[in-house]
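[1] Return atomic coordinates for the entry below.
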Amino acid sequence: MKNIILIGFMGCGKTSVGGKLSRAFGWRFLDTDQLLEEEFGCTISEFFDREGEEEFRCRETQLLKRLCSEPEEMIVSTGGGMPLRTENAALLKQLGTVFYLKASEEATIARLAGDTTRPLLAGDGREEKIRRLLGERAPKYAAASDYIIETDGKSFYEIIHEVEKVMRRKKAGPGA
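    Numbering: from 1, shown residues only. Next up is the predicted model:
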């Protein structure tokens, strides 16, 4: 069965869905942002301030390469920028089945209201930053994914059910 990989913009529910999928499947759950924070010994915001975005992106790629050598049956929630690098998109597909959790612009703005932990949204013009980044990233997320799940108006149960259906079909094989 390999692994289930969750990608999408910040605030789309990757970590929440990932944790619930982990319990549903009985698989190990890994959140790449949490793993990197443990590795750095600081928050991602602090790492961004100290080392910059490019170094952060390099460390994401290094982490992905390590995960590709791990045993199977993991649920992996990625940071929002991880699939943007071509190398990372290829590594994610190597790692498992990639699901893009796609939330609308309106839902994303509402979910991220008051969240001060996102370095790319720091400062003024938060909504405009979200719109711009979503516009830039959405096509890359779609290209990096195997399946797209629209999340607006859906419960965690409904999202998990969609993932389970896909994984059952994959397990059954072609023509099933």
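[2] Select the longest strand from this protein.
    strand 97-102 (DSSP state E).
[3] With just CA atoms, put that strand into CSV.
    Output in CSV follows, covering the C-alpha atoms of strand 97-102 (Å, rounded to 0.1, in the frame of the first residue of the first chain):
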residue,chain,number,x,y,z
THR,A,97,0.1,8.3,-3.0
VAL,A,98,-0.2,12.1,-2.9
PHE,A,99,-3.5,13.8,-2.0
TYR,A,100,-4.0,17.5,-2.4
LEU,A,101,-6.3,18.9,0.2
LYS,A,102,-7.8,21.9,-1.7
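[4] Give the other helices and strands that that strand contacts.
    Contact analysis of strand 97-102 by 3 or more CB pairs under 8 Å, 6 or more residues apart in numbering; DSSP states H and E lists strand 4-7, helix 126-144, strand 147-150, helix 156-172 as its packing neighbours. C-beta coordinates here come from the backbone N, C-alpha and C atoms, glycine included.
[5] repeat that with 6 Å
    When contacts are defined as 3 or more CB pairs under 6 Å, 6 or more residues apart in numbering; DSSP states H and E, strand 97-102 packs onto strand 4-7, strand 147-150.
[6] ranking those strands by burial, who's on top?
    strand 4-7 (a mean of 29; mean count of other CB atoms under 10 Å).
[7] could I get the helices and strands packed on strand 97-102 as TSV with distance to residue 125?
    Below are these laid out as TSV (distance: least, CB to CB, whole Å):
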stretch	distance to residue 125
strand 4-7	25
strand 147-150	27
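[8] The residue nearest to residue 11 when sequence neighbours are not counted sits in which helix or strand?
    Spatially, and ignoring its direct neighbours in sequence, residue 11 is nearest to residue 111 (4.0 Å; CB to CB, 6 or more residues apart in numbering). Residue 111 is located in helix 105-112, with elements delineated by DSSP states H and E.
[9] Of the helices and strands packed on strand 97-102, which is nearest residue 79?
    strand 4-7 (9.1 Å; CB to CB).
[10] What residues sit buried inside the helix or strand just after the closest one?
    Next along the chain after strand 4-7, taking DSSP H and E as the criterion, comes helix 14-25. Neighbour counts over helix 14-25 (16 or more other CB atoms under 10 Å) mark 14-15, 17-18, 20-22, 25 as buried.
[11] same question, stretch 162-176
    Going by neighbour count (16+ other CB under 10 Å), the buried part of stretch 162-176 is 162-163, 166-167.
[12] For the residues you listed, give me TSV that also has distance to residue 56 and pLDDT.
    As requested, the buried residues of stretch 162-176 are exported to TSV (distance: CB to CB, whole Å; pLDDT from 0 to 100):
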residue	distance to residue 56	pLDDT
162	31	96
163	28	95
166	31	93
167	31	92
